[in-house]
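**Student:** I would like the atomic coordinates for the input below:
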Amino acid sequence: MFKIFNIIFFLVLIFINKSYADIVKEIRILNNERITKETILVFSDIKIGANYNANDLDKVIKELYKTNFFSNVSLNLSNGILTINVEENQIIQNIVINGIKKKELVEILKKQLLLKDKNPFIENFVSNDIERIQKILKNSGYYFSKVSDQVIVNNNNTVDVIYNIDLGEKAYIKAIEFIGDKYYKDRLLRNIIISEEDKFWKFITNRRFLNPENIELDKRLLKNYFLNRGHYTVSIDDSLVEFTENNNFKLVYNITAGPKFTISKSELVLPIDYNIDDFEKINKKLKRLEGKTYSLNKLNKIAKEVDKLTLRNNYEFLNASFNETILDENKINLKFKITEFEKKYLSKVNVFGNNITEERVIRDNLEVDEGDPFNELLLAKSINNIKSLNIFSKVEYKLETIEENKKILNINVEEKPTGEIFASAGTGTTGTTFGGGVKENNFLGKNIKLNTNLRVSEETIKGAFSVANPNWNYSNKTLVASIESSVTDRMTDYGYETGKTGFTFGSTWEQYDDVMFSPKLSLFYEKLDTNQDASANLKKQEGEYVDSSFAYGFDLDKRNQRFQTSDGYRSRFNQSIPIITEDTAFFNSYEFTTFHQIADMVTRLSIQGSAINALGDEDVRISKRLYIPSKKLRGFESGKIGPIDSGDFIGGNYTAVLNASTTLPEFGSNLETIDFQLFFDAANVWGVDYDSSLDNSHLRSSVGLGVDWYTIVGPLNFSITQTLSKADSDKTESVRFNIGTTF
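**Tutor:** Take a look at the predicted model:
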């Protein structure tokens, strides 16, 4: 009986709906002044001769409201005549921002507003724009700013929208503290967050201002760091913002790290009808986690394999989740459960809030598209992709169900300023360095990154301008082009001075899992000068050169995390092949670095070798010869080891380096801003192709104590070294320090 009633009710609904349907024979539009009839017809997508019911007319009304041109729309379909009665929104004549003298800030604010000059006026947008203005002002340090609005109606059916702003005083972060069971020292935690303490010399960076968005980002960065180091139960409690004198603040992060957890057992759970062979790679990675420290990054890599499965093997409707069970105070069982959810499809994707950024930038980062099977894993990855662009202050989404198996995805973004001016300085035993530049992360709204920088040291002046497209031609490949110019004066110790100008053009992409491939082409003009005391062989190299080369590199990165690595390894190979050059110099290098954690100590071992050789009887140019970087051989002055020609250190055709170090976390554990490490360095530079009698092959080695100290000015690196072996001509140094800061 109940089933019969449902059938009758359904048939009645169909009959009622059809009874209100009619064929549109004529369209009449009333009260339109600025918007033409043809434009309204395009917006409404109404077709003469088509059959329309009440639901169809409701959709037409919604489409017209979406244009923002109308404050009121009504439709009437009678005897084949469709009457569309509209009331147009007023047009904004001018948007005025009062109370800000800095024109650049006014322009930034106007770009972020929903309301624009000469666009329709929508009253609801005014309050949204006030929120945007307040957020941008807080990001710029004006935490106490106040914003009010005023709408003036003009005689010509236009309005002026005025925002009156009282900036107030800027709010500076005078101190940052970490309290609670934080496990790690302040020095390390300060390097994780982006907020900075205000100092009198920091006149450029905005990170010294109290910024709610930066605080939330700090908390996420801290939590992810602890999760990657095994602290599964970590909690970053709400940060405390304490008001101090002169409108300044003390920022306090309350951390409960909890113990480090080890994965006791890992298990893959599949639906009964799934083929286990398709998940063999995932299962192997899970088993390798057993006995290892819990790491969020490692779990994400396994989830990445599931993403790949959704794109092949007919697993479009696959879902996955990690279930952790705590066994005791430091062990957990990990269960990776894969399920199949109800089959649904993504009918449409809408993007809102991107006033500057092109919509394709957002859509290019979606793993799901219109018409695709709806997959929650790929949706989550899509949202994370958009957030990782770092051009939006907020990314939110909402799903709407339009039919039983169809969904609409609405993505709302909130843009933020993407330009940055930076400057830094450092000094130490190796000399003084200044640097600075300008960055833009969303040029023309295309997610193109621009970087202009200048670096000045005691022997080098180098400037560069680069352009990077992170998703060139929808290929997931980063395309990079740069123009560089430098002057290097090494007359005193190395006997030459060189000036180089040119450009490089290359790309980077993930060729295999965790393997990045980076090919590039370069073309440079070089002018080389030598001093009057240089040897005859060096003077022969004086002149002007044009060099063109093709270089590539492979980078296998298996580290558990890039910052403060404690486990894993990294293997890198690079080669440069000459195309147009006089010395036909081939360059090869390989470096392998491995990390291991023993209790609370992290050990690091690195080996590196390089070679540069010219074909035939050609000699490698002095400016291309190899030197040992100062950070890889402590206890010796930078570059002042190896072959010497007429008193000048000329480098070599070959280098080899071994570095071993271990941290000492327990030593000085009460010193929150200081870390210690023991190190051993060994290296050699040898080979003189133009005169083998100058060769000076000898193992150089040293051992010492390193100190990393976060001072009030900035990070200080200090080392005391004892030389173990050297050549007679090498120049040594037992103490080295470098200190740097940003502005």
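**Student:** Run through this structure and note the low-pLDDT ranges.
**Tutor:** 1-21, 238-247, 310-314, 316, 666-670, 743 (pLDDT under 70).
**Student:** need the helices for it, in chain order.
**Tutor:** Listed from the start of the chain, the chain has helices (DSSP state H) covering 2-19, 37-44, 54-66, 103-112, 124-139, 186-192, 212-228, 280-288, 296-309, 359-364, 376-388, 491-494, 536-539.
**Student:** Nearest to Gly426, out of these?
**Tutor:** Ranking the helices of the chain by their distance to Gly426 (criterion: C-beta to C-beta) puts helix 186-192 first, at 15.9 Å. Every residue, glycine included, has its C-beta placed from N, CA and C.
**Student:** Take the closest one, keep the C-alpha atoms, and write them as CSV.
**Tutor:** What follows is helix 186-192 as a C-alpha-only set of coordinates in CSV (Å, rounded to 0.1, in the frame of the first residue of the first chain):
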residue,chain,number,x,y,z
ASP,A,186,64.6,27.8,21.3
ARG,A,187,67.3,28.3,18.6
LEU,A,188,65.8,25.4,16.5
LEU,A,189,62.2,26.4,17.0
ARG,A,190,62.9,30.0,16.0
ASN,A,191,64.2,28.8,12.7
ILE,A,192,61.0,26.9,12.1
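**Student:** And that helix, how far out from the chain middle?
**Tutor:** How far helix 186-192 lies from its chain's middle: 19 Å, per C-alpha atoms, centre = their mean, to the nearest Å.
**Student:** Could you name the helices and strands sitting against that helix?
**Tutor:** Where contact means 3 or more C-beta pairs under 8 Å, 6 or more residues apart in numbering; DSSP states H and E, helix 186-192 is packed against strand 172-181, helix 212-228, strand 674-686, strand 700-710.
**Student:** now the second one and helix 296-309, what's the angle there?
**Tutor:** Yep, that's helix 212-228 we're talking about. In terms of direction (axes from the mean of the first three to the mean of the last three C-alpha atoms, to 10 degrees), helix 212-228 departs from helix 296-309 by 90 degrees.
**Student:** could you check the angle helix 124-139 makes with helix 212-228?
**Tutor:** Per the same axes, to 10 degrees, the angle that helix 212-228 makes with helix 124-139 is 70 degrees.
**Student:** now swap in the shortest one and tell me
**Tutor:** Strand 172-181 and helix 124-139 are oriented at 80 degrees to each other (the same axes, to 10 degrees).
**Student:** do the same with the third one
**Tutor:** With the same axes, to 10 degrees defining the directions, strand 674-686 sits at 80 degrees from helix 124-139.
**Student:** With only the CA atoms kept, save strand 674-686 in CSV.
**Tutor:** Extracted C-alpha coordinates of strand 674-686, given in CSV (Å, rounded to 0.1, in the frame of the first residue of the first chain):
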residue,chain,number,x,y,z
ILE,A,674,73.2,27.4,21.6
ASP,A,675,73.9,24.0,19.9
PHE,A,676,77.2,22.2,19.7
GLN,A,677,78.6,19.7,17.2
LEU,A,678,81.8,17.7,16.7
PHE,A,679,83.2,17.5,13.2
PHE,A,680,85.9,16.0,11.1
ASP,A,681,86.8,17.4,7.7
ALA,A,682,89.1,16.0,5.1
ALA,A,683,89.7,17.2,1.5
ASN,A,684,92.2,17.4,-1.3
VAL,A,685,92.5,19.6,-4.5
TRP,A,686,95.0,18.5,-7.1
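**Student:** Work out the sheet partners of that strand and label each with its direction, please.
**Tutor:** Within its sheet, and counting by DSSP bridges, strand 674-686 is paired with strand 654-663 (antiparallel), strand 700-710 (antiparallel).
**Student:** before we move on, back to that, of all the helices and strands packed on helix 186-192, which lies closest to Ile411?
**Tutor:** Distances from Ile411 to each of the helices and strands packed on helix 186-192 were compared using C-beta to C-beta; the shortest belongs to helix 212-228, at 19.0 Å.
**Student:** Bridging across strands, which residues link to the residue found closest to Ala464 once you drop the neighbours it is linked to in the chain?
**Tutor:** Ranked by C-beta to C-beta, 6 or more residues apart in numbering and with sequence neighbours excluded, the top spatial neighbour of Ala464 is Glu484, at 4.5 Å. Using DSSP bridges, the bridge partners assigned to Glu484 are Ala464, Gly502.
**Student:** Glu484 and Asp645, how far apart?
**Tutor:** From Glu484 across to Asp645, the span is 28 Å (C-beta to C-beta, to the nearest Å).
**Student:** that older thread, the residue nearest to Ala464 against Gly499, yeah?
**Tutor:** No: in terms of C-beta atoms under 8 Å, Glu484 does not count as a neighbour of Gly499; the distance is 11.4 Å.
**Student:** got the domain boundaries for the chain?
**Tutor:** Following the assignment in automatic domain parsing, the chain carries domains at 2-88, 91-166, 172-256, 262-340, 345-415, 419-742.
**Student:** Format those domains as CSV; extra columns: mean neighbour count.
**Tutor:** What follows is the domains of the chain, written out as CSV (neighbours: other C-beta atoms under 10 Å):
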stretch, mean neighbour count
domain 2-88, 13
domain 91-166, 16
domain 172-256, 17
domain 262-340, 15
domain 345-415, 17
domain 419-742, 17
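**Student:** contacting residues around Ile193?
**Tutor:** Applying C-beta atoms under 8 Å, 6 or more residues apart in numbering to Ile193 gives the contacts 176, 217-218, 221-222, 253.
**Student:** now, which of those sits nearest Tyr690?
**Tutor:** Proximity of the contacts of Ile193 to Tyr690 was ranked by C-beta to C-beta; the top entry is Leu221 with 51.7 Å.
**Student:** looking at it, the closest one is touching Ile194, isn't it?
**Tutor:** Yes: in this structure, Leu221 sits in contact with Ile194. The criterion is C-beta under 8 Å, and the distance is 7.3 Å.
**Student:** Quick check: end-to-end length of stretch 327-334?
**Tutor:** The straight-line separation of the ends of stretch 327-334 (C-alpha to C-alpha, to the nearest Å) is 10 Å.
**Student:** again with stretch 315-331
**Tutor:** Between the opening and closing residues of stretch 315-331 lies a distance of 33 Å (C-alpha to C-alpha).
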